[in-house]
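Novice: Quick check, what structure comes out for this input:
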Amino acid sequence: MNIAIIDDDSHVRTEVELGIRSYLIAKYPTILAAAKFFPFPNAEEFLADFQPGQFALIFLDIYMAEITGME
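Specialist: Prediction:
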């Protein structure tokens, strides 16, 4: 399972990943073994790498410079 985390704050990206990992350990430990995390510092880098169907989950900051999470 590929999981994208898009946030312009590196600390927030880390906290989101840790939160997801904690949740998966508690509820779905077998899924955690298959989870791969892809952190992106902005929407532009995410969009440059994005391919349809590539990510099962996308966690997106809505307040970012340039392209916001709402756009």
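
Novice: Can you name the residues in contact with the helix or strand where residue 31 lies?
Specialist: Here residue 31, judged by DSSP states H and E, is contained in helix 29-34. If you take Cβ atoms under 8 Å, 6 or more residues apart in numbering as the criterion, helix 29-34 is touched by 1, 21, 24-25. Placement of C-beta: from N, CA and C, glycine included.

Novice: Return the distance of the lengthiest helix in the chain from the chain's centre.
Specialist: Secondary structure of the chain per DSSP state H: the longest helix is helix 10-27. How far helix 10-27 lies from its chain's middle: 10 Å, per Cα atoms, centre = their mean, to the nearest Å.

Novice: For it, which outside residues touch it?
Specialist: Counting by Cβ under 8 Å, 6+ apart, 3, 5, 7, 31-32, 35, 37, 39, 41, 57, 59, 61 sit against helix 10-27.

Novice: which one of the contacts of helix 29-34 has the most neighbours?
Specialist: Using other Cβ atoms under 10 Å as the neighbour criterion, residue 24 leads those with 18 neighbours.

Novice: Quick check: that residue vs residue 3, distance?
Specialist: Taking Cβ to Cβ, to the nearest Å as the measure, residue 24 falls 10 Å from residue 3.

Novice: Report the set of residues contacting both of these two.
Specialist: Shared contacts of residue 24 and residue 3 (Cβ under 8 Å, 6+ apart): residue 35.

Novice: That's all I had, so thanks and see you.
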